[in-house]
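**Student:** The following block contains a protein sequence and its predicted model.
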Amino acid sequence: MDKIKLLHTHLGRINPRLLTRLEKTLRRIPSVQAMIEKEYREIMERLEPALKPYRGDFPTFSRLPETGRDRQEIIAGMETLRDREAARWKDGFVSGAVYHGDPAYIDFLNRVYAIHSQANPLHTDLWPSVSKFEAEIVSMTAQMLGAGETANEFCGTVTSGGSESILLAMKTYRDQARERKGIPRPEIVAPETAHPAFDKAAQYFGIKIVRTPLGPDFRADLKAIKKALNRNTIAIIGSAPTFPHGVIDPIAEMSAMARERGIGFHTDACLGGFILPWAEKLGYPVPPFDFRLPGVTSISADTHKYGYAAKGTSVVLYRGQELRRYQYFTAADWPGGLYFSPNMSGSRPGGLSAVCWAAMVSLGEKGYLEASGKILQTADSIKRGIESIPDLRVLGDPLWIISFASEAVDIYKVMDYMAVRKWNLNPLQKPPSVHLAVTLRHTQPGVAEKFIADLRTAVKHVRANPEEKGESAPIYGMAATMPLRGVVSEMLRRFADLLYKV
Ligand SMILES: Cc1ncc(COP(=O)(O)O)c(C=O)c1O
């Protein structure tokens, strides 16, 4: 770590653009390569025990067992694993991740899944029930997001999650621009805080992504967006709210820019789609972000987050069926038959769409309104609590995803200290900070108060013991400021390798 720190300090003095160009050459120097490899090994060795806690405790299968294991035994083992892991999120110690989590509600969703576990919407003839569920999920979501009671020009599809919704919307804009405008080298413009799924879409679909800086309030900077637009731009992206800081981009202004140029505008409401409409009704300051803005041409909204469905569904919505058709895949000449699929997968779990539908109709408007009210109220008290801790600073003006930083203490060490007390926060970078995404779990009595009390102690502790290293603080600290970004990307690949190690 010391050698790499030294390298780090030296590199930090070089112009970042020049460094990006030099990075590949630098990393090919044998001594640098050896140093970095050693670093990867050490980091992975340090992370491995926490990622593989069941080694030795539970049977491991690197190949099929010769004969099948007893079903009861399997179930019992699964229940033990579940119980070990549930303790943390059930009691509200986790940022985001489990958004509802009430045991009776989970049982209800599980029953629905069991009923439809064999359904596959690819076989439209066998399971028209799933087509019904999906059509209604899309319609209910569109109505909630400004499509209006009578308008039927809004449409969409159910997908497997926020990333797929975003990937599909970007592919849709690419194909539309290629066919309608003959744009061969498409570009999208996204503020720095837009989710990495937009980079993924750019990488997968041969689109250039232009990232723009933020304003001092952590929202997209309009001047920078305007400057980034050119003849190849096919869409602008805004978030409602952003994952890192929970703030809502100036979607009205951004979508107006897109409309003026006749290009797409995507609102990423993966996090906010199922909260903001209700927050607005409850009187919170919610700037316009949905289809009521004429320039918004697509929206992603995650049913598996604040829609309170099980993991594995999201909705992508479009202004007009004509746009949606660019999303579809068709193969008319395949010997296997006439093939089409509306989204990325072929076969899909119809059971998850059934669960999503059941979640939505069981909660209804009243259920979402009440849940949003509780979350927003709790978040407000947590925000005020953080603001009352002298060494901490809340970033921007968030509603329920609250990020905070510190000029006085290492915020990653604060996160580590909180982790020892079971709290799981999300580490952020640029600037170094962490956030708590408030869910229904945090609205349980006493949770918000405990969070603030523990956070106050954590800050005091880190201030009094600045020499303590912490568990992940050195890694986050290094990764957040490492000038060779390819080294950090490669570290993430090694991490993915580690996950697949038996
Ligand atoms: C704003 C935003 N967009 C997109 C995504 C991606 O969603 P998923 O993880 O379901 O693919 C997330 C996930 O946290 C998000 O916060």
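**Tutor:** Received, thanks.

**Student:** What pLDDT is listed against the nearest residue to M482 once chain neighbours are set aside?
**Tutor:** Leaving out its chain neighbours, the residue that sits closest to M482 by C-beta to C-beta, 6 or more residues apart in numbering is V488, at 5.3 Å. Just so you know, the C-beta spots here come from the backbone N, C-alpha and C atoms, and that holds for glycine as well. Note on V488: pLDDT of 91.

**Student:** burial count for V488?
**Tutor:** For V488, the count of nearby residues is 15 (other C-beta atoms under 10 Å).

**Student:** Report the buried residues of whatever helix or strand it lives in.
**Tutor:** V488 is part of helix 485-499, with elements assigned from DSSP states H and E. By neighbour count on 16 or more other C-beta atoms under 10 Å, the buried set for helix 485-499 is 487, 491.

**Student:** hmm, who's touching that helix?
**Tutor:** 20, 23-24, 27, 36, 40, 43-44, 47-48, 51, 479, 482 (C-beta atoms under 8 Å, 6 or more residues apart in numbering).

**Student:** what do you get for stretch 422-436?
**Tutor:** By C-beta under 8 Å, 6+ apart, stretch 422-436 touches 88, 91, 93-97, 192, 244-246, 382, 395, 401-405, 410-412, 414-415, 418-419, 437, 442, 451, 454, 472, 476-477, 479-480.

**Student:** and what of stretch 240-250?
**Tutor:** When contacts are defined by C-beta under 8 Å, 6+ apart, stretch 240-250 is touched by residues 191, 193-195, 217-220, 222, 238-239, 251, 267-269, 271-273, 276, 286-287, 289-290, 395-403, 428, 433, 435, 437.

**Student:** can you give me the helices in the stretch 351-500 of the chain?
**Tutor:** According to DSSP state H, counting those that start in this stretch, the stretch 351-500 of the chain carries its helices in the segments 411-420, 447-464, 473-481, 485-499.

**Student:** List the residues that contact E179.
**Tutor:** Y326 are the contacts of E179 under C-beta under 8 Å, 6+ apart.

**Student:** Just the CA trace of the host helix or strand of it, in PDB.
**Tutor:** Taking DSSP H and E as the criterion, E179 maps to helix 162-181. Taking Å, rounded to 0.1, in the frame of the first residue of the first chain, the C-alpha atoms of helix 162-181 are listed here in PDB:
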ATOM      1  CA  GLY A 162     -33.400  -0.200 -13.700                       C
ATOM      2  CA  SER A 163     -30.300  -1.100 -15.700                       C
ATOM      3  CA  GLU A 164     -32.300  -3.000 -18.300                       C
ATOM      4  CA  SER A 165     -34.900  -0.100 -18.500                       C
ATOM      5  CA  ILE A 166     -32.100   2.300 -19.200                       C
ATOM      6  CA  LEU A 167     -30.200   0.100 -21.600                       C
ATOM      7  CA  LEU A 168     -33.400  -0.400 -23.600                       C
ATOM      8  CA  ALA A 169     -34.300   3.300 -23.700                       C
ATOM      9  CA  MET A 170     -30.800   4.100 -25.000                       C
ATOM     10  CA  LYS A 171     -30.900   1.400 -27.600                       C
ATOM     11  CA  THR A 172     -34.300   2.700 -28.600                       C
ATOM     12  CA  TYR A 173     -33.000   6.200 -29.200                       C
ATOM     13  CA  ARG A 174     -30.000   4.900 -31.100                       C
ATOM     14  CA  ASP A 175     -32.100   2.900 -33.500                       C
ATOM     15  CA  GLN A 176     -34.600   5.700 -33.900                       C
ATOM     16  CA  ALA A 177     -31.900   8.200 -34.700                       C
ATOM     17  CA  ARG A 178     -30.200   5.800 -37.100                       C
ATOM     18  CA  GLU A 179     -33.400   5.200 -39.000                       C
ATOM     19  CA  ARG A 180     -35.000   8.600 -38.900                       C
ATOM     20  CA  LYS A 181     -32.000  10.900 -39.000                       C
END
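
**Student:** on that earlier part again, buried ones only from the contacts of stretch 422-436, please, as a ChimeraX command.
**Tutor:** The ChimeraX command for the buried members of the contacts of stretch 422-436 (criterion: 16+ other C-beta under 10 Å) is given here:
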select :91,93,94,95,96,244,245,246,382,395,401,402,403,404,405,410,411,412,414,415,418,419,437,442,451,454,472,476,477,479,480
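
**Student:** Please identify which of the helices of the stretch 351-500 of the chain is closest to the ligand.
**Tutor:** When the helices of the stretch 351-500 of the chain are compared by C-beta to the nearest ligand atom, helix 485-499 sits nearest the ligand, at 15.4 Å.

**Student:** The closest one vs helix 473-481, what angle?
**Tutor:** 140 degrees (axes from the mean of the first three to the mean of the last three C-alpha atoms, to 10 degrees).

**Student:** Tell me the gap between helix 485-499 and the middle of its chain.
**Tutor:** Centre-to-centre, helix 485-499 and its host chain are 19 Å apart (C-alpha atoms, centre = their mean, to the nearest Å).
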